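>>> With the sequence up front, the predicted model follows.
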Amino acid sequence: MSIISNVSNLGGLVYPFLRDLDWSIVSSAVKDALPDHQPTLRWVKDDKVCDLLTEMDTGTFLAHSGLSFSMHKGAFTLSKRISRLMRPYRYFAFASPADVTISHSSGLDAAVWDGAGLMSSAMLDRLAENLDREHSHFEHHLHELQQLRRAEITIMHEAGQEKAHVLIVDDLAVDFLFPADSTKSEITLSDRVFIGLHPVHARNTMRLDVQSLINLNPFFQPEQLLGWLAQEAELYLDRIRSGELDQIFSHLGRFAAAGDLSQFCHWWLADFAVSGGSFT
């Protein structure tokens, strides 16, 4: 079980919908018995049950925040929508609906633009104006936004939630452009618009889980993916044979502790290869 609250050190990050409350979020494993308390909100994220605790009951909190929920697609889908909001943000803003233009275009092929969209650089500038100028890393945060060209965006408005990876472009006639019918209606926000942004930075590796393979199927046929896997496997073995372990550690995932890395350093397969062992 883990607990964070409004007095936790979040490194300057903020839970936007909880800013003016005394709150805590208790996360426990799905397999464990539920905690003995009555949460304001409860949702599931990955293998955790998350409970928001405040002095409000659910109805009072929803009225206070302006959020409304619908269970028409079930608790699992609603949990995904809630988890996009109950997370810490550094870059976010609340605005009047009249000040934010969101357009949905049938001209954007849904097969290509699913989960993607465009954001105007002018909107990025408006988010930069919301930065805490007293923060010790203000200049760094400002520079990050000024250089940003891709981001993960979450938007809440009266029609629902927009969630996408966006390209940030100049000369866009609206603030946001998404494919038609992409709004998630399970959760809505009245009287204001929320915009939350997480920077996305390019990497030279790509992890393909089952869902990613499903999503990419229209673009990459199984034969092409298998070819890439074969190439990666051969490169992997070459680096083991040559003893370039530092080159392959980045493909083995993040290390939870220093002890994990030390285990890889004594990897028997690497010793076998460096000693001249044959893989054929």
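Great, that's in hand.

>>> and this protein, what are its domains?
Segmentation of the chain into domains, based on automatic domain parsing, reads 1-88, 90-202, 210-274.

>>> which residue packs closest to Lys81, ignoring adjacent ones?
Quick fix: residue 81 is Arg, not Lys. If the residues on either side of it in the chain are set aside, Arg81 comes closest to Ile187, at 4.2 Å by Cβ to Cβ, 6 or more residues apart in numbering. C-betas here are computed from N, CA, C, even on glycine.

>>> which residues does the one you found contact?
The neighbourhood of Ile187, defined by Cβ atoms under 8 Å, 6 or more residues apart in numbering, consists of Leu67, Ser68, Phe69, Ser70, Leu78, Arg81, Ile82, Leu85, Met156, Gly160, Gln161.

>>> One more: Ile155?
Taking Cβ under 8 Å, 6+ apart, one finds Val100, Ile102, Gln161, Glu162, Lys163, Phe176, Val193, Phe194, Ile195, Gly196 in contact with Ile155.

>>> per-residue confidence at it?
What the model reports for Ile155 is a pLDDT of 97.

>>> who's it bridged to?
Beta bridges link Ile155 to Glu162, Ile195, judged by DSSP bridges.

>>> farthest-separated two in the contacts of Ile155?
For the contacts of Ile155, the farthest-apart pair by Cβ to Cβ is Val100 and Lys163; their separation is 15.7 Å.

>>> re the thing from before, distance of the residue nearest to Arg81 from Ser103?
21 Å (Cβ to Cβ, to the nearest Å).

>>> so who does Met156 touch?
Residues in contact with Met156 (Cβ under 8 Å, 6+ apart) are Leu67, Leu85, Ile187, Thr188, Leu189, Val193, Phe194.

>>> Okay, now the unreliable bits of this protein?
The chain contains residues with pLDDT under 70 at 202-208, 243-280.

>>> go with 50
Flagging of the chain using pLDDT under 50 yields the residue ranges 254-258.

>>> Do you have the strands of it handy? List them.
In the chain, strands defined by DSSP state E lie at 2-5, 24-29, 41-45, 48-53, 67-69, 91-95, 102-105, 116-120, 150-157, 160-169, 176-179, 187-189, 193-199, listed in chain order.

>>> Just put these in CSV and tack on distance to Leu216.
Formatted as CSV, the strands of the chain follow (distance: least, Cβ to Cβ, whole Å):
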stretch, distance to Leu216
strand 2-5, 33
strand 24-29, 31
strand 41-45, 24
strand 48-53, 27
strand 67-69, 31
strand 91-95, 28
strand 102-105, 23
strand 116-120, 13
strand 150-157, 18
strand 160-169, 14
strand 176-179, 17
strand 187-189, 27
strand 193-199, 22
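
>>> among these, which is nearest Asp238?
strand 150-157 (31.7 Å).

>>> in that closest one, what counts as buried?
Ala151, Ile153, Thr154, Ile155, Met156, His157 (16 or more other Cβ atoms under 10 Å).

>>> Among the residues you listed, which one lies nearest to Ala93?
Nearest to Ala93 among the buried residues of strand 150-157, with distances taken as Cβ to Cβ, is Ile155, at 10.4 Å.

>>> re the thing from before, between the contacts of Ile155, which sits nearest Asp57?
The closest of the contacts of Ile155, once distances to Asp57 are taken by Cβ to Cβ, is Phe194, at 22.2 Å.

>>> which one is the closest one nearest to, not counting chain neighbours?
Distances taken as Cβ to Cβ, 6+ apart place Met156 nearest to Phe194, at 4.0 Å, with adjacent residues excluded.

>>> Please apply the same query to Asp170.
Ser121 (5.1 Å).

>>> Give me the buried stretch members for the helix ranked longest in the chain, please.
Across the chain, the longest stretch assigned as helix under DSSP state H is helix 222-242. With burial defined by 16+ other Cβ under 10 Å, the residues of helix 222-242 counted as buried are Arg239, Ile240, Arg241.

>>> hmm, back to that, what would the buried residues of strand 150-157 look like in a markdown table with distance to Ile214?
Supplementary listing: these in a markdown table, determined by distance: Cβ to Cβ, whole Å:
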| residue | distance to Ile214 |
| --- | --- |
| Ala151 | 24 |
| Ile153 | 22 |
| Thr154 | 22 |
| Ile155 | 25 |
| Met156 | 27 |
| His157 | 29 |
